[in-house]
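Enquirer: build me a model:
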Amino acid sequence: MTGDITRLSALDLSRAIHARQVSCVAVMEAYLDRIDRFNPGINAIIFLHPREELLAEAKLADEDLANGASRGWMHGFPQAVKDLSEARGLPTSWGSPIYRDHVSTADSIHVERVKKAGAIFIGKTNTPEFGLGSHTTNPVHGPTRNPYDPTKSAGGSSGGAAAALAARLLPVADGSDMMGSLRNPAAFNNVVGFRPSAGRVPSDGTELFIGQLSTAGPMGRTVRDVAALLTTQAGCDPRDPLSLATEDLTLGGPAATKGLSIAWFGDFGGYLAFEPGVLDLAGKALDVLGSIGCEIETVQPEFDLLKLWEAWLTLRSFDVAHGLRELYDKPETRALLNPQLRYEFEQAQSHTPADIHAASTVRTSWYKYMLALFRHYDYLVMPAAQIFPFDVDLPWPRAVGTRETDTYHRWMEVVIGPTMAGLPVAAMPAGFNANGLPNGIQIVGPPRSDRATLEFALAYEKAAKIETGNAFD
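Expert: Model (predicted):
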């Protein structure tokens, strides 16, 4: 086998390893060489293990294959776990100085599954402090920079994972998504992210019955790679009482698209602000969908979107603040919390149980509205981000176009609709603006249609002739 190993898709890499066309040691060396070359400039991977230890692990993986034992489709894959998830024996800082020296003693469920599939953990991927704000920077590790322009943000909270994929430092990557934490960095880094249906990837957190906004999910450079990682992450687990039943998520091929009906949300009838050029770029993605036979209709949501935003603020702050209450209640740790987290606590303290119930009622109404839309449309499409990658030194964007932001996360409002409805979403590249900065679209499927949504995304990917992982080429 010749050429750059890191250019192989994850599935092609798996086939090459299992056919003994390339050794696990050679794979590890290729990725570590690329990390040594490019990671210092973008800071995507943190807590990197020493090279000699990782090469020794790769050698053991080669010996297993020589003896006829495959650990799984990810046998010998270098993997870095997002620093909001735990991997036994690896540090987990959550981007916080409070946990700077914390070492995990157990694996998160989806991490456990990736390990069983044969991956070798080489370190972690960078994330914002406690994952808040779609901009990967924190006081422990510093910012992750965008591989397409290191003066810009990589997005977040899966910014380290997305940047690592764009720079070909990893074959695939795990992420998580509450307020677009998979979708926004996918758009900012020209890669693929998938937010699964609620319950598709089980959680083992401390808020199993109330933490229903966030989910782990896969990221990659191709739709097929993302789908392969999802099959590893997904499936019922008794440790999560809300996890969905295990089902076959293997892709059958690109969806048949002729005659499919697509609702395009655009700027939500003028409700949302966008940086100039974002909607134009998304329009090119719509042209691709039209070229493969999709029938596209612009839809203005018939819903009180401000009420949806206010319900989101209530439920998000309740979710975030409840999980970190102990840190806020202690003055010595409260002083170490960032402004974003303090904002969420202030919001949570201003809400009554009646407010939370009312917000849940709005969320239910929104879900029913989504169901009504899916009686007329096969998929919903909307931009994945409202702006292009912004200055890496900003804590968050202060304006979207000419509209000032009134919270640290108002610039991400376009992503909350699918989250509130628990729908599957494929974040797909849409291209680049005149300054070479990427952006993308969200393809939103009906409830629990994860496989079908990915097959539709695969048809779009094929027609758009998307190329990813080329940031430094």
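Enquirer: hey, where'd the helices end up in the stretch 101-250 of the chain?
Expert: Taking DSSP state H, counting those that start in this stretch, the helices of the stretch 101-250 of the chain run over residues 109-116, 159-166, 183-189, 223-233.
Enquirer: quick one: closest of those to residue 442.
Expert: Comparing the helices of the stretch 101-250 of the chain by their distance to residue 442 (CB to CB), the top pick is helix 183-189, with 5.9 Å. The C-beta positions use only the backbone N, C-alpha and C, and glycine is treated the same way.
Enquirer: packing partners of that closest one?
Expert: Under the contact criterion of 3 or more CB pairs under 8 Å, 6 or more residues apart in numbering; DSSP states H and E, the helices and strands touching helix 183-189 comprise helix 159-166, strand 192-195, strand 425-432, strand 438-444.
Enquirer: any regions of the stretch 351-473 of the chain where pLDDT drops low?
Expert: Filtered on pLDDT under 70, the stretch 351-473 of the chain yields no residues whatsoever.
Enquirer: what do you get for the stretch 201-350 of the chain?
Expert: 206.
Enquirer: gap between the nearest residue to residue 251 once chain neighbours are set aside and residue 10?
Expert: In space, and not counting its chain neighbours, residue 251 is closest to residue 227: 4.9 Å by CB to CB, 6 or more residues apart in numbering. Separation of residue 227 from residue 10 (CB to CB, to the nearest Å): 10 Å.
Enquirer: go on, residue 79?
Expert: Applying CB to CB, the value for residue 79 to residue 10 is 10 Å.
Enquirer: check residue 58 too.
Expert: Relative to residue 10, residue 58 is positioned 16 Å away (criterion: CB to CB).
Enquirer: go on, residue 386?
Expert: With distances taken as CB to CB, residue 386 is found 30 Å from residue 10.
Enquirer: mind checking which of these two has more residues around it?
Expert: Per other CB atoms under 10 Å, whichever of residue 386 and residue 10 has more neighbours is residue 386, with 27 against 24.
Enquirer: the more buried one against residue 273, yeah?
Expert: Yes - between residue 386 and residue 273 there is a contact at 6.6 Å, judged by CB atoms under 8 Å.
Enquirer: joint contacts of those two?
Expert: residue 400 (CB atoms under 8 Å, 6 or more residues apart in numbering).
Enquirer: how many neighbours does residue 208 have?
Expert: Each residue near residue 208 was counted by other CB under 10 Å, and the total is 15.
Enquirer: just confirm it contacts residue 242, I think it does.
Expert: Yes - Residue 208 lies in contact with residue 242 (CB under 8 Å); the separation is 6.6 Å.
Enquirer: follow-up on the earlier one: mind listing the shared neighbours of residue 79 and residue 10?
Expert: When contacts are counted by CB under 8 Å, 6+ apart, residue 79 and residue 10 have residue 172 as shared neighbours.
Enquirer: that older thread, residue 123 is nearest to which of the helices of the stretch 101-250 of the chain?
Expert: helix 159-166 (9.9 Å).
Enquirer: from the chain's centroid, how far away is the closest one?
Expert: Relative to the mean C-alpha coordinate of its chain, helix 159-166 is positioned 10 Å out (CA atoms, centre = their mean, to the nearest Å).
Enquirer: wait, residue 230 touches residue 195, no?
Expert: No - shown here, residue 230 and residue 195 do not form a contact pair, counting by CB under 8 Å, at 10.5 Å.
Enquirer: roughly how far apart are the residue nearest the centre of the chain and residue 425?
Expert: Note on the chain: the residue nearest the mean C-alpha position is residue 182, at 1.7 Å, using CA atoms, centre = their mean. Taking CB to CB as the criterion, residue 182 is separated from residue 425 by 8 Å.
Enquirer: which residues do the two both contact?
Expert: Common neighbours of residue 182 and residue 425 (criterion: CB under 8 Å, 6+ apart): 194-195.
Enquirer: please list all residues in contact with residue 196.
Expert: Residue 196 sits next to 215, 217, 230, 233-234, 424, 450 when contact means CB under 8 Å, 6+ apart.
Enquirer: let me have those in TSV, extended by distance to residue 114 and neighbour count.
Expert: Conversion of those to TSV gives the following (distance: CB to CB, whole Å; neighbours: other CB atoms under 10 Å):
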residue	distance to residue 114	neighbour count
215	15	26
217	12	30
230	11	25
233	7	24
234	12	25
424	20	27
450	18	26
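Enquirer: from those residues, pick the one nearest residue 25.
Expert: The nearest one, if we look at those relative to residue 25 and count by CB to CB, is residue 233, at 26.6 Å.
Enquirer: how about the closest one, what does it touch?
Expert: 110, 113-114, 174, 196, 201, 216-218.
Enquirer: which helices and strands does the helix of greatest length in the chain pack with?
Expert: Longest helix in the chain by number of residues, with DSSP state H as the criterion: helix 353-374. Contact analysis of helix 353-374 by 3+ CB pairs under 8 Å, 6+ apart lists helix 305-323, strand 379-383, helix 416-421 as its packing neighbours.
Enquirer: swap the cut-off to 7 Å and go again
Expert: Helix 353-374 is packed against helix 305-323, helix 416-421, with contacts defined by 3 or more CB pairs under 7 Å, 6 or more residues apart in numbering; DSSP states H and E.
Enquirer: who's in contact with stretch 388-404?
Expert: Under the contact criterion CB atoms under 7 Å, 6 or more residues apart in numbering, stretch 388-404 has outside partners 133, 135, 143, 145-146, 149, 151-153, 155, 188, 273-278, 386-387, 405, 408, 411, 433, 437, 439.
Enquirer: residue 260 versus the residue lying closest to residue 179 once chain neighbours are set aside, what's the distance?
Expert: Among residues not flanking residue 179 along the chain, residue 412 sits closest, at 5.5 Å (CB to CB, 6+ apart). Going from residue 412 to residue 260 by CB to CB gives 28 Å.
Enquirer: and the two? Which one has more around it.
Expert: Set residue 412 next to residue 260 and count neighbours by other CB under 10 Å: residue 412 wins out with 26 against 18.
Enquirer: for the more buried one, grab phi and psi.
Expert: In terms of degrees, to the nearest 10, the main-chain angles of residue 412 are phi -110, psi 10.
Enquirer: where's it relative to residue 385, distance?
Expert: 7 Å.
Enquirer: common neighbours of those two, please.
Expert: Common contacts of residue 412 and residue 385 (CB under 7 Å, 6+ apart): residue 184.
Enquirer: just give the number of residues close to residue 422.
Expert: Neighbouring residues of residue 422 were enumerated by other CB under 10 Å; the total is 20.
Enquirer: could I get the phi/psi values of it?
Expert: When read as degrees, to the nearest 10, the backbone of residue 422 gives phi 70, psi 30.
Enquirer: pretty sure it is touching residue 195, no?
Expert: No - under the contact definition of CB atoms under 7 Å, residue 422 does not touch residue 195, with a separation of 9.5 Å.
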